[in-house]
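1. sequence below, structure please.
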Amino acid sequence: MTRAKRGAQTLSGATRLLRQAVQWTAAVAIALACSTASAQPRSGLSPEADAIFNRWVATTCTGDEERKLIEEMRRYAAPLAAAFRRAIVAGPPPEQLRAARVAAEVRFAAREKFSYQDYRIEGVSDKDLAAFRRVSRESYVDDQVRRFATGYRSNAVAGLAIVGGPGARDVLKRIASNADDPLALAAREALRTTGQR
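-> Okay, the predicted model is just below:
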């Protein structure tokens, strides 16, 4: 077996291992979030509305799946509007942040095991690759948790734009006008697409 073939097999094995670790971590995070969500509905939400809320803030769905979820959201517009407002301010519940941190720890451990020197990496300078490899566990995990929380809150912004309610546009405009707010772009997009969904 040639060295190139061995390297390709190792890469596919490492890729498979990394993919399995990410899938396992995602499954644990989702299970934790779902078990918590089903056991403790968000204040003021029926179990049905709470399930819809949790699906929306954790979603990356598009197309028919997104349209169906939006239709379900509109059936519970008033209670969801209040829940989305709270989520924009508070972010994810502590148990979901803990699950995101565990998932990031697992991804970092898999990344640490990858043998970069055995592969030729194209399209990235040696300087950039060295900087990537120097990122500490703490910095990586904190960044991933911050991204998770911002994504959750951004989905809440989009959800508020869909279900509306008294003052929803004012809330979105206030967020959109603050260039320092990490949700500003999401709020501007939500205002732009309001009524198009």
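2. pLDDT below threshold where in this structure?
-> Scanning the chain for pLDDT under 70 picks out 1-43, 61, 116-117, 195-197.
3. all helices for it, in order.
-> With helices called from DSSP state H, the chain shows them at 3-39, 47-57, 63-75, 77-90, 94-113, 126-134, 137-163, 168-176, 184-193.
4. can you tell which of those is closest to Tyr119?
-> helix 3-39 (6.3 Å; CB to CB). Glycine gets a C-beta too; all of them are placed from N, C-alpha and C.
5. a markdown table for the helices of the chain, including distance to Tyr119 and mean neighbour count?
-> Converted to a markdown table, those look like this (distance: least, CB to CB, whole Å; neighbours: other CB atoms under 10 Å):
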| stretch | distance to Tyr119 | mean neighbour count |
| --- | --- | --- |
| helix 3-39 | 6 | 13 |
| helix 47-57 | 37 | 19 |
| helix 63-75 | 36 | 13 |
| helix 77-90 | 41 | 19 |
| helix 94-113 | 13 | 17 |
| helix 126-134 | 11 | 10 |
| helix 137-163 | 20 | 19 |
| helix 168-176 | 43 | 18 |
| helix 184-193 | 35 | 17 |
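6. what sits against Leu97?
-> By CB atoms under 8 Å, 6 or more residues apart in numbering, the residues touching Leu97 are 91, 145, 148-149.
7. looking at those, which two lie furthest apart in space?
-> Distances among the contacts of Leu97 were taken as CB to CB; the most separated pair is Gly91 and Val145, at 10.3 Å.
8. sorry, back to before: turn the helices of the chain into a markdown table, including distance to Arg120.
-> Below are the helices of the chain laid out as a markdown table (distance: least, CB to CB, whole Å):
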| stretch | distance to Arg120 |
| --- | --- |
| helix 3-39 | 9 |
| helix 47-57 | 41 |
| helix 63-75 | 38 |
| helix 77-90 | 44 |
| helix 94-113 | 18 |
| helix 126-134 | 11 |
| helix 137-163 | 24 |
| helix 168-176 | 44 |
| helix 184-193 | 36 |
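9. hmm, back to that, which one of the contacts of Leu97 is nearest Phe108?
-> Relative to Phe108, the closest of the contacts of Leu97 is Val145; by CB to CB it sits at 11.6 Å.
10. would you agree the closest one is in contact with Ala99?
-> No - using CB atoms under 8 Å as the test, Val145 is too far from Ala99 to be in contact (9.9 Å).
11. residues in contact with Ala77?
-> So Ala77 contacts 163-165 (CB under 8 Å, 6+ apart).
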